[in-house]
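A.B. asks: this one's structure only:
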DNA sequence: GCCAACGTTGGC
DNA sequence: GCCAACGTTGGC
(Lines give C-alpha, C1' and ligand atoms only; values in the text may rest on other atoms or scores of the structure.)
Protein backbone atom coordinates (compact mmCIF):
# COMPACT_ATOMS: atom_id res chain seq x y z
CA UNK A 1 0.00 0.00 0.00
CA UNK A 2 1.11 3.52 -0.73
CA UNK A 3 0.51 6.76 1.11
CA UNK A 4 -0.31 10.20 -0.22
CA UNK A 5 -1.13 13.70 0.87
CA UNK A 6 -3.83 15.79 -0.73
CA UNK A 7 -4.36 19.47 -0.12
CA UNK A 8 -7.68 21.18 -0.07
CA UNK A 9 -8.73 24.65 0.88
CA UNK A 10 -11.29 24.14 3.63
CA UNK A 11 -13.32 27.07 2.32
CA UNK A 12 -13.78 25.10 -0.88
CA UNK A 13 -13.83 21.54 0.44
CA UNK A 14 -12.99 20.53 3.99
CA UNK A 15 -12.72 17.21 5.79
CA UNK A 16 -16.17 17.93 7.23
CA UNK A 17 -17.53 18.38 3.72
CA UNK A 18 -16.18 14.92 2.90
CA UNK A 19 -17.97 13.46 5.93
CA UNK A 20 -21.20 15.10 4.76
CA UNK A 21 -21.07 13.52 1.30
CA UNK A 22 -23.20 10.47 0.54
CA UNK A 23 -21.13 7.43 1.47
CA UNK A 24 -18.56 9.88 2.84
CA UNK A 25 -16.88 9.74 -0.53
CA UNK A 26 -16.11 12.24 -3.24
CA UNK A 27 -14.33 12.51 -6.55
CA UNK A 28 -11.21 14.63 -6.41
CA UNK A 29 -11.71 16.86 -9.41
CA UNK A 30 -9.97 20.04 -10.45
CA UNK A 31 -6.33 18.97 -10.31
CA UNK A 32 -4.67 20.87 -13.13
CA UNK A 33 -1.01 20.18 -12.58
CA UNK A 34 0.73 17.41 -14.49
CA UNK A 35 2.87 16.16 -11.65
CA UNK A 36 -0.11 15.98 -9.32
CA UNK A 37 -2.14 14.27 -12.02
CA UNK A 38 0.58 11.69 -12.56
CA UNK A 39 0.63 10.91 -8.87
CA UNK A 40 -3.12 10.37 -8.92
CA UNK A 41 -2.71 7.91 -11.78
CA UNK A 42 -0.33 5.92 -9.61
CA UNK A 43 -2.82 5.60 -6.79
CA UNK A 44 -4.25 2.18 -6.06
CA UNK A 45 -7.49 1.25 -4.38
CA UNK A 46 -6.91 1.12 -0.64
CA UNK A 47 -4.02 3.59 -0.62
CA UNK A 48 -4.27 5.97 2.30
CA UNK A 49 -4.34 9.73 2.08
CA UNK A 50 -3.51 12.46 4.53
CA UNK A 51 -6.14 15.15 4.16
CA UNK A 52 -4.44 18.54 4.41
CA UNK A 53 -6.05 21.93 4.81
CA UNK A 54 -4.22 24.73 3.00
CA UNK A 55 -4.68 28.48 2.60
CA UNK A 56 -6.45 28.82 5.90
CA UNK A 57 -5.76 30.15 9.41
CA UNK A 58 -4.32 26.83 10.59
CA UNK A 59 -2.78 24.86 7.73
CA UNK A 60 -2.09 21.21 8.53
CA UNK A 61 -3.15 17.59 8.40
CA UNK A 62 -6.72 17.10 9.57
CA UNK A 63 -7.66 13.54 8.68
CA UNK A 64 -7.20 10.33 6.74
CA UNK A 65 -9.02 9.10 3.66
CA UNK A 66 -8.53 6.20 1.30
CA UNK A 67 -8.65 5.66 -2.43
CA UNK A 68 -11.86 3.89 -3.44
CA UNK A 69 -11.70 4.39 -7.19
CA UNK A 70 -8.55 4.59 -9.25
CA UNK A 71 -7.84 7.34 -11.76
CA UNK A 72 -10.44 8.08 -14.43
CA UNK A 73 -11.04 11.14 -16.62
CA UNK A 74 -11.93 14.33 -14.77
CA UNK A 75 -15.10 15.25 -16.66
CA UNK A 76 -15.06 18.83 -15.41
CA UNK A 77 -12.43 19.62 -18.04
CA UNK A 78 -15.07 19.10 -20.77
CA UNK A 79 -17.60 21.50 -19.27
CA UNK A 80 -17.25 25.06 -20.63
CA UNK A 81 -19.19 26.28 -17.61
CA UNK A 82 -16.72 24.77 -15.17
CA UNK A 83 -13.82 26.75 -13.83
CA UNK A 84 -11.78 23.63 -14.50
CA UNK A 85 -12.67 23.65 -18.20
CA UNK A 86 -9.75 22.84 -20.50
CA UNK A 87 -10.42 23.27 -24.21
CA UNK A 88 -7.43 21.06 -24.98
CA UNK A 89 -9.04 18.05 -23.38
CA UNK A 90 -11.55 15.80 -25.12
CA UNK A 91 -13.55 12.67 -24.48
CA UNK A 92 -11.31 10.72 -26.84
CA UNK A 93 -8.12 12.11 -25.34
CA UNK A 94 -8.78 13.11 -21.74
CA UNK A 95 -6.09 15.31 -20.34
CA UNK A 96 -6.98 15.43 -16.63
CA UNK A 97 -7.80 12.65 -14.22
CA UNK A 98 -9.25 12.22 -10.78
CA UNK A 99 -9.70 9.53 -8.16
CA UNK A 100 -12.52 8.88 -5.70
CA UNK A 101 -11.66 9.02 -2.04
CA UNK A 102 -13.56 7.99 1.05
CA UNK A 103 -13.36 9.33 4.56
CA UNK A 104 -11.51 7.19 7.03
CA UNK A 105 -10.99 9.35 10.07
CA UNK A 106 -10.65 12.83 11.37
CA UNK A 107 -7.76 13.58 13.69
CA UNK A 108 -8.68 14.71 17.18
CA UNK A 109 -6.92 17.92 16.36
CA UNK A 110 -5.10 19.49 13.44
CA UNK A 111 -1.44 18.55 13.17
CA UNK A 112 -0.26 21.93 12.04
CA UNK A 113 2.29 22.74 9.39
CA UNK A 114 4.31 24.42 12.09
CA UNK A 115 4.51 21.18 14.07
CA UNK A 116 5.35 19.16 10.98
CA UNK A 117 8.31 21.45 10.37
CA UNK A 118 9.52 20.92 13.89
CA UNK A 119 9.46 17.11 13.72
CA UNK A 120 12.93 15.79 12.84
CA UNK A 121 11.37 12.57 11.53
CA UNK A 122 9.78 14.60 8.77
CA UNK A 123 12.88 16.30 7.49
CA UNK A 124 12.92 15.72 3.75
CA UNK A 125 9.19 15.35 3.49
CA UNK A 126 8.08 16.68 0.13
CA UNK A 127 5.40 18.87 1.67
CA UNK A 128 8.03 20.74 3.66
CA UNK A 129 10.39 21.42 0.80
CA UNK A 130 10.81 25.06 0.01
CA UNK A 131 8.52 26.34 -2.67
CA UNK A 132 6.44 23.20 -2.76
CA UNK A 133 3.09 23.83 -4.35
CA UNK A 134 1.96 20.37 -5.34
CA UNK A 135 -1.58 19.58 -4.25
CA UNK A 136 -1.06 15.81 -4.52
CA UNK A 137 2.13 14.13 -3.44
CA UNK A 138 3.49 10.85 -2.13
CA UNK A 139 4.22 10.34 1.56
CA UNK A 140 6.61 7.73 2.94
CA UNK A 141 5.05 5.09 5.20
CA UNK A 142 7.35 6.21 8.02
CA UNK A 143 6.25 9.83 7.56
CA UNK A 144 2.61 8.80 7.50
CA UNK A 145 2.99 6.91 10.78
CA UNK A 146 5.02 9.69 12.36
CA UNK A 147 2.36 12.28 11.57
CA UNK A 148 -0.48 10.20 12.99
CA UNK A 149 1.60 9.65 16.12
CA UNK A 150 1.75 13.42 16.67
CA UNK A 151 -1.93 13.76 17.51
C1' DG B 1 -2.43 41.86 0.76
C1' DC B 2 2.38 40.56 -0.02
C1' DC B 3 5.64 37.88 -2.14
C1' DA B 4 8.63 33.71 -3.13
C1' DA B 5 8.68 29.93 -5.88
C1' DC B 6 7.00 27.58 -9.17
C1' DG B 7 4.63 25.97 -13.73
C1' DT B 8 2.90 27.32 -18.21
C1' DT B 9 2.68 29.88 -22.43
C1' DG B 10 4.17 31.74 -26.53
C1' DG B 11 7.33 34.50 -29.42
C1' DC B 12 11.52 33.98 -31.55
C1' DG C 1 15.01 24.92 -27.47
C1' DC C 2 15.38 29.27 -24.91
C1' DC C 3 13.53 32.47 -21.92
C1' DA C 4 10.62 36.48 -20.55
C1' DA C 5 6.18 37.33 -19.11
C1' DC C 6 2.46 35.87 -16.83
C1' DG C 7 -0.55 33.18 -13.71
C1' DT C 8 -1.05 30.36 -9.57
C1' DT C 9 -0.19 28.50 -5.02
C1' DG C 10 0.00 29.01 -0.35
C1' DG C 11 2.28 30.62 3.93
C1' DC C 12 2.53 34.53 6.51
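C.D. replies: Right, received. Where do you want to start? Not measured: the values here are computed from a predicted model.
A.B. asks: quick check: the residue of chain A nearest DNA strand B.
C.D. replies: Proximity to DNA strand B, evaluated over chain A using C-beta to the nearest atom of the strand, is greatest for residue A:131 at 2.0 Å. The C-beta positions use only the backbone N, C-alpha and C, and glycine is treated the same way.
A.B. asks: would you mind giving the secondary structure of that residue?
C.D. replies: With DSSP: H, G, I helix; E, B strand; the rest coil as the basis, residue A:131 sits in coil.
A.B. asks: what sits against it?
C.D. replies: Contact analysis of residue A:131 by C-beta atoms under 8 Å, 6 or more residues apart in numbering lists nothing.
A.B. asks: OK, contacts around residue A:8?
C.D. replies: Shown in contact with residue A:8 (C-beta under 8 Å, 6+ apart): A:14, A:51-54, A:135.
A.B. asks: columns secondary structure on top of those residues, output as CSV?
C.D. replies: Putting these into CSV (three-state DSSP) gives the following:
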residue, secondary structure
A:14, coil
A:51, strand
A:52, strand
A:53, strand
A:54, coil
A:135, coil
